[in-house]
Each structure stands twice: as C-alpha cells, then as structure tokens.
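*Asks:* coords below, sequence missing:
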C-alpha cells in the first residue's frame, strides 16, 4: 500500500479513526475509574455522561485537525475542541493501510463528498448501569449519503491476554478486520432487539419471525456485533428510537461483512449533511447468509403502517 500521506482520503480517515476510537475508549475507562460519571439527562431516558462529552471532544478535535474540510456530526452536538494535548491523535493505523487496497469506487472521493458520523459512547444507559461489555465507540463514514466505512470500538472487551479494548472495522469493497466473523447457528433462530424501548409494535415485529431466543441488549453497535459474531441472526427494532450516528458505522461494517442493514421497510438510510438525525422507520439488520427479504416479508401490516406513518 502507498505511504500514509498518499493513500486515498477514505483510507486515511479509516486509518485515523481506528487509532482515535482506541484513544476515546481509554478516556471512557478513565472517567469510569474516577467514579464520578457526571450524568445529565438530555431528555427522558436519554442520558449523557462526562465520558460521552470527553470522548466526543477527543474524536472530533482529532479528526478536525487531520481533515479540516470534512463534515463531522457528533451525537453530543457542538464540541469544545480545546482538548488536552494527549487527547489529540495524529497517527494513522499503518497496519490497515499496508494490508488493504482502496476500492476503485472510493479512490477519488473528495472531502465535500464525505460525512463522518460520531457516537462517542453508544450504550450510555448500559455504561451507567454497569453493562460495560455492551459499550461501543462508533465512527461511521458516509460518501454521497451512503454508509461505506465504519469503526466499532469496545473499550471493555477483554482479550485472551487480559488487555482491555478491541477495535473492529469494515469498508464496503474491502471487508472487515479486528475480529473473527462467525455464522449464527443453523438449528435455531435468534433475534437481538432493544432492552429498554419496547412497545406493542416492537413486540409485534418480533413475534412475526417466531424467534427461538431474543437477546435484549442496549446499543446499536453491540446489537450489530451480535450479528457479526454469530450470536444472532437478525436485529429487529420497529421504532424510531435510534439516530444516524447509531447506525452509520454498524451498517458499513455489517454490509462489508456480507450482511445488510435497512429500515423496517427495507430501505437504506441516507447519511448526508442535510438529513434529519432520527431513524424514524426503525432498524432491520441481518447477518451474512440470512435472507433480509424473507424477514421483511414476514412483517405484519400493522408494523409496516406504523413505520410508514413516521416517515
């Protein structure tokens, strides 16, 4: 692969995001270890902690210094970019650049074509309640409105050596890295869905596919990891509960691995500069080798109507 300075823009952003997500993960662990989470309630059932705020400052400040003309949209809104020097990450992941070749379709991408979607701490309620393995840092890259690349970092993933933190990445046209993909079991059907935002429509969509097991967990990033690692066949959430920064990176990684992520009607979301943030028509994700269309076909009319009303 070409040296870092001449690598195509998308590849450099990916290589930077892999490094930056790891630094944000250390900040998240540091806040937890100090004991004061600095919790504020942005809205009903929508918490923000000092870890959310600090991790976003690290990510956005680092990306803006490296790519000043790229649009960056973070969950926590406008960000104070005066950060401690050791929060600024300037290096690129050379292993990613050396081992992967940019797909032809992404070689000529300009800064104006790009939006970077940042969820500095996906699964805030999980974080505050101690379900730390479900916490992720999400950095998604969209090109001309479409999710093409993503980084999912787990600050509390414990490796076989005992070290903390794991970074998974995916780019459409390249594939994925940072983990070993696994197919879900063939003798039973497992669905993952929301832990805390269920209602009659959400339940109706789940009932329609007659799952043998339902994994109720928080965080869009963690739910997609269940598909990538073979713990679930589908991610079904027939509600408007999540936002673009929740799904841009997971969609890119899942689809780079051969899976699929759309709304509950089967349409891909747009991730351009001007889009509204809520994913108003829910989320349907399927693991590689699982028929997205078969699950869509099982959705009852009341679910389809509810999702179309919100569009």
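*Replies:* Ah, there it is. Note that the coordinates shown come from a computational prediction; the quantities given were computed from them, not determined experimentally. Numbers count the residues shown, from 1 in each chain.

*Asks:* which other helices and strands contact the lengthiest helix in the chain?
*Replies:* Secondary structure of the chain per DSSP state H: the longest helix is helix 9-34. Under the contact criterion of 3 or more CB pairs under 8 Å, 6 or more residues apart in numbering; DSSP states H and E, helix 9-34 touches helix 50-66, helix 94-99, strand 114-122, strand 136-143, strand 146-158, strand 164-171. Bear in mind the C-beta positions are built from the backbone N, C-alpha and C, glycine included.

*Asks:* give me that answer again for 6 Å
*Replies:* helix 50-66, helix 94-99, strand 136-143, strand 146-158, strand 164-171 (3 or more CB pairs under 6 Å, 6 or more residues apart in numbering; DSSP states H and E).

*Asks:* and those, which is most packed in?
*Replies:* Most buried of the helices and strands packed on helix 9-34, by mean neighbour count (mean count of other CB atoms under 10 Å): strand 136-143, with a mean of 29.

*Asks:* picking that back up, report the angle between the longest helix of the chain and strand 146-158.
*Replies:* 30 degrees (axes from the mean of the first three to the mean of the last three CA atoms, to 10 degrees).

*Asks:* Let's test this: mean pLDDT of helix 9-34, rounded?
*Replies:* Averaged across helix 9-34, pLDDT comes to 94.

*Asks:* can you give me the angle it makes with helix 50-66?
*Replies:* Using the same axes, to 10 degrees: helix 9-34 against helix 50-66 is 150 degrees.

*Asks:* Helix 9-34: which residues count as buried?
*Replies:* Across helix 9-34, burial judged by 16 or more other CB atoms under 10 Å covers 9-29, 31-32.

*Asks:* quick one: buried residues of stretch 83-91?
*Replies:* 83, 87, 89.

*Asks:* err, stretch 300-311, not the other one
*Replies:* For stretch 300-311, by 16+ other CB under 10 Å, it's 303-304, 306-307.

*Asks:* Contacts made by that stretch with the rest, please.
*Replies:* Stretch 300-311 has contacts (CB atoms under 6 Å, 6 or more residues apart in numbering) with 201, 204-205, 208, 238, 240, 264-265, 280-282.

*Asks:* and those residues, which of them are in strands?
*Replies:* Judged by DSSP state E, the subset of these located in strands is empty.

*Asks:* Quick check: the two most widely separated of the residues you listed?
*Replies:* Pairwise distances across those (CB to CB) peak at 20.1 Å, for the pair 208 and 280.

*Asks:* Export the helices and strands packed on helix 9-34 as a markdown table, with columns for mean pLDDT and distance to residue 299.
*Replies:* Listed next are the helices and strands packed on helix 9-34 as a markdown table, based on pLDDT from 0 to 100; distance: least, CB to CB, whole Å:
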| stretch | mean pLDDT | distance to residue 299 |
| --- | --- | --- |
| helix 50-66 | 93 | 33 |
| helix 94-99 | 97 | 38 |
| strand 136-143 | 98 | 26 |
| strand 146-158 | 97 | 22 |
| strand 164-171 | 97 | 26 |
